[in-house]
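Student: no FASTA, just this:
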């Protein structure tokens with residue numbers, strides 16, 4: 001029912017934001033959604049339109065999880081087979097996108113703490129590897 005409402009309200013060319021799209025994908029995944037061609041077309045169109053939009057690793061995982069579970073079932077593969085080639089490519093792109101490392105650069109405070117911890121361990125005669 002939620003996906004039907006999204007498809008009614010949202011435009012294929014103006015997709016929901018990354019957070020909303022990822023939340024929708026999580027909900028569909030946990031609801032064990034069985035795709036049909038029209039809703040899958042809408043999702044694939046949104047994935048295609050937003051392919052250049054930055055996503056957090058959690059958002060990528062939610063979207064990737066839905067696409068994997070969709071394509072793992074016969075109904076999903078059948079619905080995907082009815083999509084235009086560029087939308088099937090958009091689904092494949094979701095699967096192969098790099099999730100990134102999930103690591104953020106260390107702050108100055110963290111680097112200073114690591115340096116101080118290293119010096120304290122060295123002065124105590126303990127080996128400490130910074131990597």
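Tutor: Everything's here; your move. Keep in mind that this is a model prediction, so the values were computed, not measured. Numbers count the residues shown, from 1 in each chain.

Student: Check the offset of whichever helix or strand residue 40 is part of from the chain's centre.
Tutor: Here residue 40, judged by DSSP states H and E, is contained in helix 37-49. Relative to its chain's centre, helix 37-49 lies at 15 Å (CA atoms, centre = their mean, to the nearest Å).

Student: Give me the buried positions along it.
Tutor: In terms of neighbour count (16 or more other CB atoms under 10 Å), helix 37-49 has its buried residues at 39, 40, 41, 42, 43, 44, 45, 46, 47, 48. Any C-beta I mention is one placed from the backbone N, CA and C, and that applies to glycine too.

Student: Which single one of those is nearest to residue 124?
Tutor: residue 47 (53.2 Å; CB to CB).

Student: pretty sure the closest one is in contact with residue 89, am I right?
Tutor: No - at 9.9 Å, residue 47 and residue 89 do not qualify as touching, with contact defined as CB atoms under 8 Å.

Student: Helices along the protein, start to end?
Tutor: Here the chain has its helices, by DSSP state H, at 2-9, 18-30, 37-49, 57-72, 74-81, 85-96, 108-123.

Student: what's the least confident stretch among the ones you listed?
Tutor: Here the lowest mean pLDDT among the helices of the chain goes to helix 2-9, at a mean of 71.

Student: angle of the helix holding residue 40 against helix 57-72?
Tutor: 140 degrees (axes from the mean of the first three to the mean of the last three CA atoms, to 10 degrees).

Student: Other residues contacting helix 37-49?
Tutor: 3-4, 6-7, 10, 12-13, 15-16, 21, 25, 63, 66-67, 70, 76, 79-80, 82-83, 86-91, 93-94 (CB atoms under 8 Å, 6 or more residues apart in numbering).

Student: again, 6 Å this time
Tutor: If you take CB atoms under 6 Å, 6 or more residues apart in numbering as the criterion, helix 37-49 is touched by 3, 7, 12, 15, 79, 82, 83, 87, 90, 91, 94.
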